[in-house]
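>>> Can you look at this prediction? I've put the sequence above it.
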Amino acid sequence: MRVRYYGHVQQATGYGRAARELVRALVAAGIELDVRTIGPREVAWIPGDLADLFAPIHNPDVIIVHTLPGDCGRVLDLEGLQRGAGPKLVAYTTWEALTAPLEIVAPLYASFDAICAPSHVTALSLGANGNHQSSSDGRDAERRTFVLPHAYDDSRERAIVSQRDDVFRFYWVGAWTARKNPGGLIRAFSYAFSREDAVELVLHSPRCTADTYVATLAATGLRQGELPPIRLSGRHLSELEVEQLHASADCFVSAARGEAWNLPAFDALLAGRHVITQYGLGSDEFLTDTTADLIDGWESPAHVDVSIASTDGGEVTAKVIGAQGLSARSLWLEPNLYSMAERMKSAYLERTRSITLGYQLASRFGYAAVAAHTLNVMETL
């Protein structure tokens with residue numbers, strides 16, 4: 001199988017991490033690859049013995065485009081690729097809400113032979129609207145939508161830290177956005193705990209400004225002396241430092257309203273940490289059949305992040321930030337923050353630090369498993 005892969009392999013983002021892991025899985029399976037970088041080259045990720053992955057392959061059997069849904073078609077346009085005129089075309093993408101607008105999914109199903117998503121939740125959100133425009137029997141999009149989960153290197157062990165101080169440490173990693181909902185997490189934590197509790201919430205969010213952080217704390221209505229200990233880490237961490245963060249804390253928490261996968265929660269699982277998050281998200285892919293605490297929530301119209309600017313003439317403009325295609329006409333899940341506060345309180349009192357799995361992790365998400373699944377998808381086209 002000869003595959004040309006377009007992805008964010010050299011970008012320091014979640015998409016970049018997912019791209020690197022998928023490429024490593026495919027290389028381990030012996031697939032002949034031609035890797036094309038999308039976006040900034042922030043990470044020098046490929047060791048010397050794999051440098052030939054950037055050498056072009058002529059006449060590939062399959063082309064995989066791994067990027068945001070609104071950008072997949074642009075890659076085809078830039079490269080002069082067209083469905084039905086050469087290799088089979090696969091879009092590997094995400095959607096971070098329960099429903100996806102037709103203007104996002106219609107071009108995907110028109111331009112690609114198959115659409116892959118990391119979780120069943122995401123595949124369902126894309127395929128449901130794809131069916132409205134792509135077939136005579138209403139099931140064409142369903143047949144062309146596949147789940148291709150995130151991969152991890154199951155050949156090495158991760159550090160597990162057993163010695164901890166008396167403080168029970170909750171932690172979260174993510175972008176400071178409405179979808180990731182750190183404000184909701186802070187409110188739940190502030191409801192559950194007081195200054196006197198031997199507890200801490202560590203928030204790791206590069207690019208979060210001090211103004212945004214202070215405003216979110218102030219929105220709780222509590223004075224600084226009344227808040228339980230909350231600490232912001234805003235610097236960029238290497239993958240090794242992120243791994244150490246997971247290994248040295250106690251319980252990963254997330255009040256996200258939408259997740260196609262939730263890589264930090266997956267990393268917490270790999271580190272053996274207890275996890276508290278919402279049920280019904282992409283993280284169900286790896287947290288179902290575990291001892292993670294999955295709280296309830298309800299469907300709600302989504303909203304986006306904006307920045308406001310004003311001119312000297314008094315004109316005010318609003319700019320949408322980083323929410324490709326998302327709007328109030330899409331639904332996501334609003335978490336029950338009271339339930340989250342209760343689960344955090346129980347984890348603290350019972351010192352619930354570890355997670356137990358009811359399945360074999362490598363058999364679902366290891367390199368060999370994901371590579372075999374990818375091959376199966378490509379061979380069905």
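Cool, the structure landed. Numbers count the residues shown, from 1 in each chain.
>>> low-scoring stretches of the stretch 251-381 of the chain, by residue?
311-312 (pLDDT under 70).
>>> residue ranges for the strands of it, please.
251-253, 274-278, 293-295, 297-301, 305-310, 316-321, 331-335 (DSSP state E, counting those that start in this stretch).
>>> nearest to E350, of those strands?
Proximity to E350 (CB to CB) singles out strand 274-278 among the strands of the stretch 251-381 of the chain, at 9.9 Å. Using the backbone N, CA and C atoms, a C-beta is placed for each residue, glycine as well.
>>> export that closest one as CSV, just CAs?
What follows is strand 274-278, C-alpha atoms only, in CSV (Å, rounded to 0.1, in the frame of the first residue of the first chain):
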residue,chain,number,x,y,z
HIS,A,274,-8.1,9.2,37.6
VAL,A,275,-10.3,11.2,35.2
ILE,A,276,-13.5,13.2,35.8
THR,A,277,-15.2,14.6,32.7
GLN,A,278,-18.5,14.6,30.8
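>>> helices and strands around it, which ones?
strand 251-253, helix 263-270, strand 293-295, helix 337-350 (3 or more CB pairs under 8 Å, 6 or more residues apart in numbering; DSSP states H and E).
>>> Compare these and give me the one nearest N376.
helix 263-270 (21.9 Å).
>>> Flag every buried residue along that closest one.
L263, P264, A265, F266, D267, A268, L269, L270 (16 or more other CB atoms under 10 Å).
>>> by how many degrees do it and strand 274-278 diverge?
Per axes from the mean of the first three to the mean of the last three CA atoms, to 10 degrees, the angle that helix 263-270 makes with strand 274-278 is 150 degrees.
>>> Using JSON lines, lay out the helices and strands packed on strand 274-278 together with distance to V320.
Shown next, in JSON lines, are those (distance: least, CB to CB, whole Å):
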{"stretch": "strand 251-253", "distance to V320": "27"}
{"stretch": "helix 263-270", "distance to V320": "23"}
{"stretch": "strand 293-295", "distance to V320": "29"}
{"stretch": "helix 337-350", "distance to V320": "25"}
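>>> looking at these, which is closest to L203?
With CB to CB, the closest approach to L203 among those belongs to strand 251-253: 9.9 Å.
>>> which stretches of the stretch 1-150 of the chain have low pLDDT?
If you take pLDDT under 70 as the line, the stretch 1-150 of the chain has these spans: 44-52, 54, 129-139.
>>> Going by residue numbers, what spans are helices in it?
Using DSSP state H, counting those that start in this stretch, the helices of the stretch 1-150 of the chain run over 14-28, 69-79, 102-111, 120-134, 140-143.
>>> what's the first one in contact with?
Counting by CB atoms under 8 Å, 6 or more residues apart in numbering, helix 14-28 makes contact with 3, 5, 7-11, 33, 35, 39, 42-43, 45, 50, 53, 66-68, 92, 118, 148, 150-153, 239, 261, 263, 367-368, 370-371, 374, all of which sit outside it.
>>> same thing but 7 Å
3, 5, 7-10, 33, 35, 43, 45, 50, 66-67, 150-153, 263, 367-368, 370-371, 374 (CB atoms under 7 Å, 6 or more residues apart in numbering).
>>> Quick one: residues contacting N262.
S254, A256, L281, G282, S283.
>>> now for those residues, which pair is the farthest apart?
S254 and G282 (11.4 Å).
>>> For these two, work out which one has more neighbours and name it.
G282 (30 against 26; other CB atoms under 10 Å).
>>> hang on, isn't the more buried one packed against E259?
Yes. With contact defined as CB atoms under 7 Å, G282 counts as touching E259 (4.6 Å).
>>> what residues do these two have in common as contacts?
Common neighbours of G282 and E259 (CB under 7 Å, 6+ apart) do not exist.
>>> separation between I104 and I38?
Taking CB to CB, to the nearest Å as the measure, I104 and I38 are separated by 18 Å.
>>> Could you do W176 as well?
Taken as CB to CB, the span from W176 to I38 is 24 Å.
>>> Repeat that for S307.
As judged by CB to CB, S307 and I38 stand 25 Å apart.
>>> For L240, grab the count of nearby residues.
Count around L240 with other CB under 10 Å applied: 9.
>>> mind checking which helix or strand it is in?
Taking DSSP states H and E as the criterion, L240 maps to helix 239-248.
>>> just the angle between that helix and helix 14-28, please?
Between helix 239-248 and helix 14-28, the angle comes out at 100 degrees (the same axes, to 10 degrees).
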